[in-house]
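Engineer: predicted model, plus sequence, below.
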Amino acid sequence: MIRKALFLGVATVTAVACGASQTTTESTSSVATSSGDAGTKFVYCPPSNFANCTIASCEAEKGGYLCKCFLDSRFSATAYGSQCQPQNGNTLQSRYHPVDSYQECTSAKADTSKWAWCLGQPCEVTPNGVFCHCVDPPAGVPPFPYIVVTPKYKASACMLGQTGKYWSSATPGNVTQITAFLQSQPSLKGLPAPEIVLTPKQ
């Protein structure tokens, strides 16, 4: 069963100024702020190479997580604090591109309690793929609920930690905020909200 994401927090995501722009190292990018999880600020990045970690699995490493992501070149968004960083040789930045659907992990007892925060983090292009050095969620971002990007519900998706791996993820509130921010871009007015994959009824 699938339903559209409810954007209850959309009203809290506002542009700094209508049509305002912020110069970055890549190009002129629109900026927005949100008053939800950790007061995150976002910046829009025009099409260019970045690491997409929306479906990445990760392994714990000293100081955080090593996540296998993929190379993407579409439009994206990242945290305002990190800005849009262009690819520099084999080094590039992890950023967000909209996903089609996800399920929510909500049980602190049954679900894996750890996940990796990759937004804006540094990554490397290697012969074996794109790997990003991700961290624990920032202060103020709650561990539950978090999301797993998937086209259909999987009972085991929220228990990945039992295998020694972890998801690169975000909270549903983060996704709501960053999607609303992207929808505020003039060229993305028709951007659809991701669908939420619900637990099948018993």
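Structural biologist: All right, it came through fine.
Engineer: how far away is V43 from P122?
Structural biologist: 16 Å (Cβ to Cβ, to the nearest Å). Every residue, glycine included, has its C-beta placed from N, CA and C.
Engineer: neighbour count for the two, which is higher?
Structural biologist: Ranked by neighbour count (other Cβ atoms under 10 Å), V43 and P122 place V43 first, with 23 against 16.
Engineer: ok, what's across the strand from the more buried one?
Structural biologist: Note on V43: beta-bridge partners V31, T78, judged by DSSP bridges.
Engineer: quick check: it touching T78?
Structural biologist: Yes. Between V43 and T78 a contact is recorded at 6.0 Å, counting by Cβ atoms under 8 Å.
Engineer: any shared contact partners between those two?
Structural biologist: C84 (Cβ atoms under 8 Å, 6 or more residues apart in numbering).
Engineer: mind listing what D100 touches?
Structural biologist: So D100 contacts P151, P194, E195 (Cβ under 8 Å, 6+ apart).
Engineer: of those residues, closest to K62?
Structural biologist: P194 (33.0 Å; Cβ to Cβ).
Engineer: pLDDT weak spots in this structure?
Structural biologist: Residue ranges of the chain with pLDDT under 70: 1-40, 200-202.
Engineer: for it, which strand is longest?
Structural biologist: strand 50-61 (DSSP state E).
Engineer: in terms of secondary structure, what does that one contact?
Structural biologist: Judged by 3 or more Cβ pairs under 8 Å, 6 or more residues apart in numbering; DSSP states H and E, the packing partners of strand 50-61 are strand 64-72, strand 76-79, strand 91-95, strand 129-134, strand 166-167.
Engineer: for I178, which of those is the nearest?
Structural biologist: Between the helices and strands packed on strand 50-61, strand 76-79 lies closest to I178; by Cβ to Cβ that is 5.6 Å.
Engineer: who are the packing partners of that closest one?
Structural biologist: strand 41-45, strand 50-61, strand 91-95, helix 172-183.
Engineer: how many degrees apart are the first one and strand 91-95 in direction?
Structural biologist: It refers to strand 41-45. 120 degrees (axes from the mean of the first three to the mean of the last three Cα atoms, to 10 degrees).
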